[in-house]
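*Asks:* Sequence and predicted model, in that order:
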Amino acid sequence: MNRQALLALLLLLFPILLLAQSKPGIVVQRHEAPRPKWAIAIHGGAGTIPKTMPEAKKQEYLRSLNQALKIGQEVLQQGGTSLDAVEKVIRFLEDDPLFNAGKGAVYTHEGTHELDAAIMDGRDLSCGSVAALKTIKNPISLARLVKEKSPHVFLVGEGAEAFATEMKVERVPNSYFDTPERYQQLQEALKEEPKEHGTVGCVALDTHGNLAAGTSTGGLTNKRFGRLGDVPVIGAGTYANNRTCALSATGVGEEFIKYTVTHDISALMEYKGLSLQQAMDQVIHHKLKPGDGGVIGVAHDGALAFVFNSEGMYRGAADSNGRFEVRIWE
Ligand code: ASP
């Protein structure tokens, strides 16, 4: 190529390079954080959480969320699977009476406890759900056993309890789930609609690139016995798919089932090409009604998102880029 041709070529390329520098979308952003190797999000329920909550109580919640997040972070940092992180974090939250899952499960109208949980593996869509449990200390682990040790995906009531006996999981009397705070809430709910939830959930991306989601709950205070919520319904309260994201919801289960909330978010990403944040905003703010609840999510690229239309949501986020935070409001 002679010098004149080279000059002409450079003159031709100059405006294109200028354009590429100024137009977002043509040039890849240079200051973006690197794609995280692992990422995790947790929630401890959403609802009308008064900002006037006593400082000591607030600190208790934040401390517990912090600890739960650290448990998940440790598993993922050491190269553990997202499923293990999800199960371990949720077991911890189930054992904490602060949350409406496991030990802190709410009361049914009859004054008993019935627990639901689900776990899902984004790698192959394998999943396990359990519902209306009365004596299982850690429902999330029974859900995982359904996924891994049975040919089924959903076991309820007596059948689930019989499966638990075969699997030798830890059992407790139904009264183990009694707590004075939840009993007080039942008394209030007998007079009016309950406004606070406390379900727990966890979603994670591991260093192997796999997503997982899990959710565990006592359901809604003052529910009828036999009532199932969204938590164990795959695609409503819990969903994971390596092609899109992993999600866990909390709120008025009936609404989350009607709108198949978590599958809808995943479908908006898969078929419409929306980002995780856009898809979650669309479903939580434009389909559900204010006060219904919220969702946490992690996308296949490690992006984390939290969207809720209630006053607050107990939540936390961490990733391999050094993010580590827990929040209740804003
Ligand atoms: N979604 C749960 C249910 O309806 C309740 C909650 O999130 O607190 O069972």
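*Replies:* That came through fine.
*Asks:* Need the CA coordinates for stretch 101-121. CSV is fine.
*Replies:* Written as CSV, here are the backbone C-alpha positions of stretch 101-121 (Å, rounded to 0.1, in the frame of the first residue of the first chain):
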residue,chain,number,x,y,z
ALA,A,101,-39.2,-20.3,58.0
GLY,A,102,-38.2,-23.3,60.2
LYS,A,103,-38.1,-22.3,63.8
GLY,A,104,-39.8,-18.9,63.4
ALA,A,105,-42.6,-20.2,61.1
VAL,A,106,-46.0,-18.4,61.4
TYR,A,107,-49.2,-20.0,62.8
THR,A,108,-52.1,-21.3,60.8
HIS,A,109,-55.6,-20.2,61.8
GLU,A,110,-55.8,-23.3,64.0
GLY,A,111,-52.6,-22.4,65.9
THR,A,112,-50.3,-25.0,64.3
HIS,A,113,-47.5,-24.7,61.8
GLU,A,114,-47.2,-25.9,58.2
LEU,A,115,-44.0,-25.4,56.3
ASP,A,116,-43.2,-25.2,52.5
ALA,A,117,-39.8,-25.1,50.7
ALA,A,118,-38.3,-25.6,47.3
ILE,A,119,-34.8,-25.8,45.7
MET,A,120,-33.9,-25.7,42.0
ASP,A,121,-30.7,-26.4,40.1
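*Asks:* could you pull out the helices for this protein?
*Replies:* Under the criterion DSSP state H, the chain contains helices at 3-22, 55-77, 82-95, 139-149, 157-167, 180-189, 253-258, 261-272, 276-286.
*Asks:* per-residue confidence for the spatially most central residue of the chain?
*Replies:* Nearest to the geometric centre of the chain sits Ser248, at 2.7 Å (CA atoms, centre = their mean). Ser248 is assigned a pLDDT of 98 by the prediction.
*Asks:* just the helices of the chain: most buried one?
*Replies:* helix 82-95 (a mean of 25; mean count of other CB atoms under 10 Å). Any C-beta I mention is one placed from the backbone N, CA and C, and that applies to glycine too.
*Asks:* between that one and helix 55-77, how many degrees?
*Replies:* Inter-element angle recorded for helix 82-95 and helix 55-77: 160 degrees (by axes from the mean of the first three to the mean of the last three CA atoms, to 10 degrees).
*Asks:* what's helix 82-95 packed up against?
*Replies:* If you count contacts as 3 or more CB pairs under 8 Å, 6 or more residues apart in numbering; DSSP states H and E, helix 82-95 packs onto strand 39-47, helix 55-77, strand 115-121, helix 139-149, strand 200-205, strand 211-217.
*Asks:* if we can go back for a sec, please name the bridge partners of the residue nearest to the centre of the chain.
*Replies:* Beta-bridge partners for Ser248, by DSSP bridges, are Thr238, Ile296.
*Asks:* next one: Gly214
*Replies:* Beta-bridge partners recorded for Gly214 (DSSP bridges): Ile119, Cys202.
*Asks:* Offset the numbering so it begins at 566, please.
*Replies:* Renumbered: residue one is now 566, and that last one reads Gly779.
*Asks:* Wait, it touches Tyr804, no?
*Replies:* No - contact criterion CB atoms under 8 Å: Gly779 and Tyr804 do not qualify, at 10.7 Å.
*Asks:* and for the two, which residues touch both?
*Replies:* Listed as contacting both Gly779 and Tyr804 by CB atoms under 8 Å, 6 or more residues apart in numbering are Met685.
*Asks:* The stretch 766-895 of the chain against the ligand: which residues are in contact?
*Replies:* Residues of the stretch 766-895 of the chain lying near the ligand by CB under 6 Å from any ligand atom: 782, 784-785, 794-796, 802, 815-816, 818.
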